[in-house]
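Visitor: model this:
(one chain, ligands or ions: 2)
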Amino acid sequence: MARRWDVMTERKAVSELRVGIAGLGSIGTKIATALDQGIEGLTLSAIAVRDPAKHQALVDGLRRSPTIVPIDQLGDVADIVVECAPSQHLREIVEPAVRRGKSAVVVSVGGLLDNFDLVDLARANGGRIIVPTGALIGLDAVNAAAVGTIHSVKMVTRKPIDGLKGAPFIVENNIDIDNLREPLKLFEGTAREAAKGFPANLNVAVALSLAGVGPDRTQVQIWADPTVTRNVHRIEVEADSARFSMSIENIPSENPKTGLITALSVIALLRKQRATLCVGT
Ligand SMILES: NC(=O)C1=CN([C@@H]2O[C@H](COP(=O)(O)OP(=O)(O)OC[C@H]3O[C@@H](n4cnc5c(N)ncnc54)[C@H](O)[C@@H]3O)[C@@H](O)[C@H]2O)C=CC1
Ligand SMILES: O=C([O-])CC(=O)C(=O)O
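Guide: Numbering: from 1, shown residues only. Ligands and ions are numbered 1, 2, ... in the order given. Here you go, the predicted model:
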């Protein structure tokens with residue numbers, strides 16, 4: 001008969017969830033490190049990177065080396081695939097995973113709007129698409145309010161100039177933000193429009209919309225603000241159960257468009273997958 005310790009070890013090995021990460025940039029690197037340091041019930045099994053040589057030092061520093069696989073094969077070797085690459089790769093990463101009934105954690109949330117059939121594909125195959133709160137705040141409350149009736153959702157984003165440079169809306173409209181001395185309102189519209197004009201800057205607006213009243217009813221303002229050093233997002237929700245407003249001031253990561261808290265949000269989400277005590281919606 002197996003000793004108690006053997007049984008426990010065996011059970012742990014059987015139930016461990018394998019995690020694959022697509023993209024080792026500012027978000028993916030931190031998630032890989034956290035998984036390697038230990039998250040209850042989860043193992044980093046695979047990564048997909050554009051340039052393996054660039055990430056060799058990181059991989060060598062991990063206690064357990066993950067397999068390096070092509071981006072569209074993560075779903076073959078992982079139970080949970082974490083997408084943290086540029087949004088144009090979202091489909092290549094998520095489709096094969098959910099087709100195999102796996103879970104995909106998506107941070108390039110804006111990219112989901114043009115690929116929403118992936119949700120149907122996941123449903124048909126027993127897969128899941130999971131959107132973390134990411135760089136935002138309060139999606140637990142928005143989820144709860146959406147069980148009742150939400151009347152309106154508004155969001156105002158203020159970012160330093162470096163957090164907005166290169167956004168298609170700015171380039172296409174030939175807006176000079178480099179020489180701003182005071183805040184400039186760049187955009188006012190729906191979350192769907194914001195995601196098109198600012199695909200690498202406004203994932204949070206889309207996450208908010210999916211938690212609440214959808215991308216066409218979520219109102220967004222975007223300001224380029226030379227007076228701030230953080231990515232600031234404020235949301236206001238009016239619902240039949242509550243009225244709330246919240247704001248978050250994100251410290252930019254090494255990628256100025258991305259708040260440091262984004263990776264931590266994904267790590268917190270991964271911790272919940274097998275945690276015995278889960279707090280928050
Ligand atoms: N949901 C949220 O709250 C937030 C989402 N984001 C989004 O998360 C995504 C990742 O952001 P960051 O990590 O800051 O970006 P990053 O630019 O630092 O990292 C992206 C990584 O993907 C890699 N990559 C590119 N093509 C690849 C390929 N074909 N195969 C494998 N890897 C590839 C790049 O080499 C890079 O290392 C972006 O789409 C960003 O807009 C960013 C901030 C907040
Ligand atoms: O990090 C942030 O503050 C938000 C962000 O870039 C995004 O939504 O893509």
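Visitor: residues from the stretch 101-250 of the chain in reach of ligand 2?
Guide: Ala135, Asn201, Leu202, Asn203, Val204, Asn231, Asn250 (C-beta under 6 Å from any ligand atom). Every residue, glycine included, has its C-beta placed from N, CA and C.
Visitor: Which members of those residues are the farthest-apart pair?
Guide: Farthest apart among those by C-beta to C-beta are Leu202 and Asn250. That separation is 13.0 Å.
Visitor: Give the residues shared as contacts by these two.
Guide: Residues touching both Leu202 and Asn250 (C-beta atoms under 8 Å, 6 or more residues apart in numbering): none.
Visitor: Name the residue in these two with the higher neighbour count.
Guide: Neighbour count, other C-beta atoms under 10 Å: between Leu202 and Asn250, Leu202 has more, with 30 against 21.
Visitor: can you pull the contacts of the more buried one?
Guide: Gly110, Thr157, Ala191, Ala194, Ala195, Val220, Ile222.
Visitor: Near ligand 1, which residues of the stretch 1-150 of the chain? Just list them.
Guide: Counting by C-beta under 6 Å from any ligand atom, the stretch 1-150 of the chain sits next to ligand 1 at 22-28, 48-50, 71, 84-87, 89, 107-109, 134-136.
Visitor: Report the buried members of those.
Guide: 22-28, 48-49, 71, 84-85, 87, 89, 107-109, 134-136 (16 or more other C-beta atoms under 10 Å).
Visitor: Where strands are concerned, which of the residues you listed count?
Guide: Ala22, Ala48 (DSSP state E).
Visitor: Which ones among the buried ones among the residues of the stretch 1-150 of the chain next to ligand 1 map onto helices?
Guide: With DSSP state H as the criterion, helices contain Ser26, Ile27, Gly28 from among these.
Visitor: now, which of the residues you listed sits nearest Pro183?
Guide: Nearest to Pro183 among those, with distances taken as C-beta to C-beta, is Ser26, at 25.3 Å.
Visitor: Name the SS class of the nearest residue to Ser45 once chain neighbours are set aside, please.
Guide: Excluding the flanking residues, the one nearest Ser45 by C-beta to C-beta, 6 or more residues apart in numbering is Arg18, at 3.7 Å. Put simply, Arg18 is strand when judged by DSSP: H, G, I helix; E, B strand; the rest coil.
Visitor: Please apply the same query to Ala122.
Guide: helix.
Visitor: what about the closest residue to it other than its chain neighbours, neighbour count?
Guide: Spatial nearest neighbour of Ala122, chain neighbours left out: Val98 (3.8 Å); criterion: C-beta to C-beta, 6+ apart. By other C-beta under 10 Å, 25 other residues sit near Val98.
Visitor: buried ones in the helix or strand hosting Leu35?
Guide: Assigned by DSSP states H and E, Leu35 falls within helix 26-37. The neighbour-count criterion (16+ other C-beta under 10 Å) identifies Ser26, Ile27, Gly28, Thr29, Lys30, Ile31, Ala32, Thr33, Ala34, Leu35, Asp36 as the buried residues of helix 26-37.
Visitor: And for stretch 100-120?
Guide: 102-113, 115, 118-119.
Visitor: Likewise for stretch 181-193?
Guide: So stretch 181-193, judged by 16+ other C-beta under 10 Å, has buried residues Leu186, Phe187, Gly189, Thr190, Ala191, Arg192, Glu193.
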